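> just need the structure, nothing else, for what follows:
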Amino acid sequence: MHLPVVDFQSPTAPQEFCKSLHETGFGVLKNHPLQRDLVEGIYDEWLAFFKTEAKHQYLQDPVKFDGYFPPNVSETAKNNTKKDLKEFFHIYPWGRYPTEVSDAARRYYVQGSQLAATLLNWVEDNSPPEVKARYTEPLPKMIEGCDQTLLRVLHYPPLHGDEEAGAVRAAAHEDINLLTILPAATEPGLQVLGKDKFWFDVPRDFGLLIVNIGDMLQEASGHYYPSTSHRVLNPTGEAATKSRISLPLFLHPRREVVLSERYTVGAYFNERMEELKGGKK
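Numbers count the residues shown, from 1 in each chain. Model (predicted):
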């Protein structure tokens, strides 16, 4: 699988980016408008936060899903029985936010959401007519007024050798939402499953932005844009002693939006949440 790196500033960027999304489910952007120093600062201060006990003051709300998710309540991917080896914090515009860190992640949330809206415009404009006709409303409009877009600050702790057999940092999975945007993480490990069923490393040069299709856009586009499986491998050797921080922004439409004849966003989301709780497909 080849994941081309598309120059965001190029006049042909929308077409090249959407071609990559259609063929692989992933797009990789360089020279994008998200500030590198902002991302680096978030990585540094949140890594320090995850090393403190203060995080336990913000334990996740089982109804609203905001706050801190410790490893023992981490996710179990579809078709898996082992919890992922990670902890994370969910940031929503209405949710709790640690006083121990700056507002940098909140500022990134705004910037990332604005960029994601631009990318949805690209997808809308470059969808074939028969695919575009499937959308019950323009893709950018689907996110207007929605407060469910989620910024997740993810920490994959160092491995100590006593992890549960078969557990990995992130088992193979697909995202639920429309689009996910992800700056290159602090350490490698992200892989995508190709159509040939082989796993390929996703480029991770710092400054690149990884974008992938979620299940909701796959459903809305009649599978023209594929929600491709991806995973995060366990490192070996010296790399296993290092933390990995990543910052995915999951772009969500309003719950009442109709995705297809089968689903509204709300119905689709609820079904997937039940699947994740059980670790089944």
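> which of the residues in stretch 210-222 are buried?
Across stretch 210-222, burial judged by 16 or more other CB atoms under 10 Å covers 210-221. (C-beta placed from N, C-alpha, C; glycine too.)
> average pLDDT across that stretch?
For stretch 210-222, the mean pLDDT works out to 97.
> where does pLDDT dip in the protein?
The chain contains residues with pLDDT under 70 at 1, 79, 276-281.
> rerun that using 50 as the cut-off
279-281 (pLDDT under 50).
> now do the lengthiest helix in it: which elements does it pack against?
Longest helix in the chain by number of residues (criterion: DSSP state H): helix 104-125. For helix 104-125, the packing partners by 3 or more CB pairs under 8 Å, 6 or more residues apart in numbering; DSSP states H and E come out as helix 13-24, helix 36-50, strand 87-91, helix 139-142, strand 150-156, strand 179-183, strand 249-251.
> now those in a markdown table, with distance to residue 109?
Below are the helices and strands packed on helix 104-125 laid out as a markdown table (distance: least, CB to CB, whole Å):
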| stretch | distance to residue 109 |
| --- | --- |
| helix 13-24 | 22 |
| helix 36-50 | 10 |
| strand 87-91 | 6 |
| helix 139-142 | 18 |
| strand 150-156 | 5 |
| strand 179-183 | 11 |
| strand 249-251 | 7 |
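> out of those, flag the one nearest residue 228.
Closest to residue 228 of the helices and strands packed on helix 104-125 is helix 13-24 (CB to CB; 6.4 Å).
> returning to that earlier point: any chance of the helices and strands packed on helix 104-125 in a markdown table, with mean neighbour count and distance to residue 110 too?
Formatted as a markdown table, the helices and strands packed on helix 104-125 follow (neighbours: other CB atoms under 10 Å; distance: least, CB to CB, whole Å):
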| stretch | mean neighbour count | distance to residue 110 |
| --- | --- | --- |
| helix 13-24 | 19 | 22 |
| helix 36-50 | 17 | 11 |
| strand 87-91 | 22 | 11 |
| helix 139-142 | 21 | 16 |
| strand 150-156 | 22 | 10 |
| strand 179-183 | 24 | 13 |
| strand 249-251 | 24 | 10 |
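> and of those, who's closest to residue 232?
strand 150-156 (6.8 Å).
> show me what that closest one is packed against.
helix 36-50, strand 87-91, helix 104-125, strand 244-246, strand 249-251.
> in CSV, list the ones you listed along with distance to residue 270.
Below are these laid out as CSV (distance: least, CB to CB, whole Å):
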stretch, distance to residue 270
helix 36-50, 30
strand 87-91, 17
helix 104-125, 23
strand 244-246, 26
strand 249-251, 16
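> helices along the stretch 151-281 of the chain, start to end?
For the stretch 151-281 of the chain, the helices defined by DSSP state H, counting those that start in this stretch occupy 215-220, 265-278.
> between these, which gets nearest to residue 66?
helix 265-278 (14.6 Å).
> list the helices and strands the closest one packs on?
Right, helix 265-278 is packed against helix 215-220 by 3+ CB pairs under 8 Å, 6+ apart.
> just so I know, which of the helices and strands packed on helix 104-125 lies nearest residue 101?
Closest among these, once you apply CB to CB, is helix 36-50, at 5.0 Å.
> residues in contact with that closest one?
For helix 36-50, the surrounding residues in contact (CB atoms under 8 Å, 6 or more residues apart in numbering) are 55, 87, 89, 98, 100-102, 104-105, 107-108, 111, 153, 155, 157, 183, 186, 206-207, 243, 245, 247.
> which SSE is immediately downstream of it?
strand 67-69 (DSSP states H and E).
> so which elements touch that next one?
By 3+ CB pairs under 8 Å, 6+ apart, strand 67-69 packs against strand 87-91.
> before we move on, back to that, most tightly surrounded among the helices of the stretch 151-281 of the chain?
helix 215-220 (a mean of 24; mean count of other CB atoms under 10 Å).
> run the chain-centre distance for that one.
Counting by CA atoms, centre = their mean, to the nearest Å, helix 215-220 is centred 14 Å from the centre of its parent chain.
> for stretch 237-253, same thing?
10 Å.
> can you give me the buried ones in it?
244-253.
> again with stretch 195-208
For stretch 195-208, by 16+ other CB under 10 Å, it's 200, 202-204, 208.
> give me the contact list for that stretch.
With CB under 8 Å, 6+ apart, stretch 195-208 has contacts from 1, 3, 5, 26, 28-30, 36, 183-185, 188, 190-194, 210, 230-231.
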